[in-house]
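Q: Any chance you could fold what I've pasted below:
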Amino acid sequence: MNEEAVLFGADGSLVGVVATPEQTDPARPAFLFLNAGVTHRVGPNRLHVRMARALAEDGFCTLRFDFSGLGDSAVRGDNLPAIQSVVVETKEAMDLLAERHGAESFVLVGICSGAMSSYLTAQEDERVVGAVMINGQAHLHGDDLELTDHLRARTLARHSWRIALRSSFRSKNWRKAIQGQLEPKRILRMMFGSPLEALRGRRNREAPPEIPDVLADLRALTRRGVRLFHLYCEGDEGLDYFHALLGDKVRDVETDENSRFEVIRGSNHLFTLRWSQDELVDIVREWARETVGAAAE
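A: Numbers count the residues shown, from 1 in each chain. The predicted model follows:
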């Protein structure tokens, strides 16, 4: 495996690191790692570095880069909104790998906001053949503010009760509460405040906002041949967003041959514990080999 720092984009202001195997196969898709929030291209707890190098060892060309205004990349000189610029710049990253390394197809990997960037780009560019969306939240339903608020209340309500009663964290959390390590008011606010807020919001409007047919949008991608991996930590609110948005249709996602839905038990949003980082890398590596890698052979 070799690594090389690169400059690219319309004005050469985007900074990234390309990792290439000793022998590059254009039939295999290249992997792009997209910024998580304001964390630069190494990713939370250097996860982008670990995943990119592991995939390069498995024969995939990888690129981890900074969107404009993040990490080492300069700010944009225009007024293009961030939700549009991330798509434009991801396409420029794909252009770079196509020109320099002959890549013909791409898999996008994103944690948190990076999941949204991956999903939006996959919808717009048919060169994308896969998307690994890790702890994605608010990325599937669009930008309607009323619907966002409605889903946020439902998400928090579901998350509070799941963590308290059904998660693998429940014993540890209740033990901390009994020992006085957690604030009782905070616990009660988490368990009852969000459900009451959701109920109050429902009473204040004639009907809840209509939830779009997200499953149809996901199936439009999988019918195109895009492999979608919905990967969540057990402790992440994004898991509750996914269920609040799709409800029973989560089963349809699980049974779609081009989709995978998985939860890493005992892990949190940023994969703080080393074992959870190792598991994430292993899961993504295995998925790459068995799905997009096997399809290219």
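
Q: could you pull out the helices for the chain?
A: 47-57, 82-101, 113-124, 145-161, 170-178, 184-188, 194-203, 214-223, 237-246, 250-255, 274-288, 294-296 (DSSP state H).

Q: Domains in the chain, by residue range?
A: The record's domain parsing of the chain by automatic domain parsing lists 2-142+213-296, 151-203.

Q: Which one of those has the poorest average confidence?
A: Across these, domain 151-203 has the smallest mean pLDDT, namely a mean of 69.

Q: Turn the domains of the chain into a markdown table, columns for mean neighbour count.
A: The C-beta positions use only the backbone N, C-alpha and C, and glycine is treated the same way. Formatted as a markdown table, these follow (neighbours: other Cβ atoms under 10 Å):
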| stretch | mean neighbour count |
| --- | --- |
| domain 2-142+213-296 | 19 |
| domain 151-203 | 15 |
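
Q: rewinding a little: which stretch among the helices of the chain comes nearest residue 41?
A: Closest to residue 41 of the helices of the chain is helix 47-57 (Cβ to Cβ; 6.1 Å).

Q: Helix 113-124 and the closest one, what's the angle between them?
A: Per axes from the mean of the first three to the mean of the last three Cα atoms, to 10 degrees, the angle that helix 47-57 makes with helix 113-124 is 50 degrees.

Q: still on that earlier bit, tabulate the helices of the chain (CSV), appending distance to residue 65.
A: Below are the helices of the chain laid out as CSV (distance: least, Cβ to Cβ, whole Å):
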stretch, distance to residue 65
helix 47-57, 10
helix 82-101, 6
helix 113-124, 11
helix 145-161, 28
helix 170-178, 38
helix 184-188, 38
helix 194-203, 37
helix 214-223, 23
helix 237-246, 23
helix 250-255, 29
helix 274-288, 18
helix 294-296, 23
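
Q: mind checking which of these is nearest residue 68?
A: Judged by Cβ to Cβ, the one of the helices of the chain that comes nearest to residue 68 is helix 82-101, at 6.1 Å.

Q: what residues are up against the residue nearest to residue 10 when sequence neighbours are not counted?
A: Distances taken as Cβ to Cβ, 6 or more residues apart in numbering put residue 92 closest to residue 10, at 6.9 Å, once the chain neighbours are dropped. Residue 92 makes contact with 8-10, 14, according to Cβ atoms under 8 Å, 6 or more residues apart in numbering.

Q: Thank you kindly, that will do.
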